[in-house]
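Trainee: structure, please.
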Amino acid sequence: MTPTHDEEMALLVQADLDGELDAARRAELVAHIAGCAECRALHAGLAALSTRLRTSLPYHAATPALRAAVARRLAEASAASLPAPTPSAPGRPSLHAWRGGWWAAGLGLLAGAALAGLLMAVLPPGEHIAREIVAAEARAALPGHRLDAPTPDPAALAQWFASRLPYRLAPARAEAAGFTLIGGRLDAVHGRVVPVLVYRRGDGVAELYIWPEPGHAPQPPKALRRGRNALLYWRDKGMEYWAAGTLAPGELAAFVAQWRA
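Mentor: Numbers count the residues shown, from 1 in each chain. Model (predicted):
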C-alpha cells in the first residue's frame, strides 16, 4: 500500500471500530480487509485493544436520575448559548436572527448527539452486539450483499475463511432443521471482521456469526427479539455464536439446536 492509502485505510478502520461508517462504506471496508493482510492485522489489533478496554475497565450503569440530569444540563446549556435577538424590519428576519436559528439547530444536534452517546455508553455489551447484528442483517438483505463465497460445500467454505481470517473454523454442518448451507461472507461486528455462515430454507434465511472469545465461560443459548429479527447467542469452547434471521423465534431455536447437535 502507498503511504497515502495506508493512512486513509487506517482512518477508515478506526472509524469503523467507532461505528462512524455508513453501511455502504463499511461494506467496502470489509471487502478490502478480506484481501489485505496489513489492514486485516490493523483491524484485528485495534479490535483486540477495544475488547480489552471494554472487558478490563469497570462498568457502571447510569441511573435514571443521572440520565435526566445530563439531559437537563444539555438543554440548559443549549438555551443559554443562544444569542439575543435584534430588532428587524417587520416581516423580514435579520441576519442575526438567522444566525441565531442556525446556532439553535447546531446546539440541538450537539446536545442530541451527546445524549445519544451517553445512552449508548450505558447499554450492556450484549445489547451493542445485538444492534450490530441487526444492522448487519439489514445490509445483507441488499442485493449482492448476502454471500461473498456462494458454496454449499462446508470444507470449501472453511478453506475460504481460513485464507482470510487469523483463525480457523471447523467445517460447518451442511444442513440443520431443513435449512441448507448456501455459503458465507465476512462482516464487521463487535469491532472485528467475523465469518458468517448462511443457510436457507425456502424463503427463510438463518445466519450464524462466529468469533473467538477465549477465556469466557460457556453460556447456554439465550433468545432475543429485535424488531423483525430473531436472535439467539451462546458461547462454547472459546467461541461466541450469534444466530439471526427474519424467522419465528421457534424456527431459529430449532435451527440452532440441530446445528449445535
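Trainee: please make it C-alpha for all contacts and neighbour counts, starting now.
Mentor: Fine.
Trainee: isn't residue 40 right up against residue 30?
Mentor: No. In this structure, residue 40 is not within contact of residue 30 by C-alpha atoms under 8 Å, at 9.1 Å.
Trainee: what's the following helix or strand after the helix or strand of the chain with the lowest mean pLDDT?
Mentor: The weakest-scoring helix or strand in the chain, judged by mean pLDDT, DSSP states H and E, is helix 95-121 (a mean of 44). Once the chain leaves helix 95-121, the next helix or strand it forms, by DSSP states H and E, is helix 125-140.
Trainee: so which bits of the helix or strand just after that next one are buried?
Mentor: Proceeding N to C from helix 125-140, the next assigned helix or strand is helix 154-162, under DSSP H and E. By 16 or more other C-alpha atoms under 10 Å, the buried positions in helix 154-162 come out as 154, 157-158, 160-161.
Trainee: mean confidence score for helix 154-162?
Mentor: In this model, helix 154-162 carries a mean pLDDT of 95.
Trainee: identify all contacting residues around the next helix or strand after that helix.
Mentor: Once helix 154-162 ends, the next helix or strand along the chain (criterion: DSSP H and E) is strand 175-176. Residues from elsewhere that reach strand 175-176, judged by C-alpha atoms under 8 Å, 6 or more residues apart in numbering: 181, 199, 255-256, 258-259.
Trainee: and for the spatially most central residue of the chain, nearest residue in space, chain neighbours not counted?
Mentor: For the chain, the residue sitting closest to the mean C-alpha position, by C-alpha atoms, centre = their mean, is residue 132 at 2.7 Å. The spatially closest residue to residue 132, leaving aside those adjacent along the chain, is residue 189, at 6.0 Å (C-alpha to C-alpha, 6 or more residues apart in numbering).
Trainee: and the one you found, what's its pLDDT?
Mentor: Residue 189 is given a pLDDT of 85.
Trainee: and residue 74, by the same measure?
Mentor: 70.
Trainee: where's it, which helix or strand?
Mentor: Assignment of secondary structure by DSSP H and E places residue 74 within helix 64-80.
Trainee: check which residues of stretch 253-261 are buried.
Mentor: Quick answer for stretch 253-261 (16+ other C-alpha under 10 Å): 253, 255-256, 259.
Trainee: including distance to residue 218, could those go into CSV?
Mentor: CSV is the format used below for the buried residues of stretch 253-261 (distance: C-alpha to C-alpha, whole Å):
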residue, distance to residue 218
253, 18
255, 19
256, 16
259, 17
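Trainee: so which of those residues comes closest to residue 166?
Mentor: Taking C-alpha to C-alpha as the measure, residue 166 lies nearest residue 259 of these, at 23.8 Å.
Trainee: within the helices and strands, which one has that closest one?
Mentor: Secondary structure from DSSP H and E places residue 259 in helix 249-260.
Trainee: mind telling me what element the nearest residue to residue 224 once chain neighbours are set aside is part of?
Mentor: Leaving aside its sequence neighbours, residue 224 sits nearest to residue 231 (C-alpha to C-alpha, 6+ apart; 4.9 Å). Element membership for residue 231, per DSSP H and E: strand 229-236.
Trainee: next SSE downstream of that strand?
Mentor: strand 239-245.
Trainee: got a list of contacts for that following strand?
Mentor: For strand 239-245, the surrounding residues in contact (C-alpha under 8 Å, 6+ apart) are 133-134, 137, 204-214, 229-235, 252, 256.
Trainee: hmm, 6 Å instead?
Mentor: Outside strand 239-245, the residues within contact range by C-alpha atoms under 6 Å, 6 or more residues apart in numbering are 205-213, 229-234.
Trainee: who wins for neighbours among these?
Mentor: Greatest neighbour count in the contacts of strand 239-245, by other C-alpha atoms under 10 Å, goes to residue 231: 27 neighbours.
Trainee: show the pLDDT at that one.
Mentor: Predicted confidence (pLDDT) at residue 231: the value is 92.
Trainee: low-confidence ranges, this protein, go.
Mentor: In the prediction, the chain carries residues with pLDDT under 70 at positions 1-6, 19, 22-24, 48, 50-61, 77-126.
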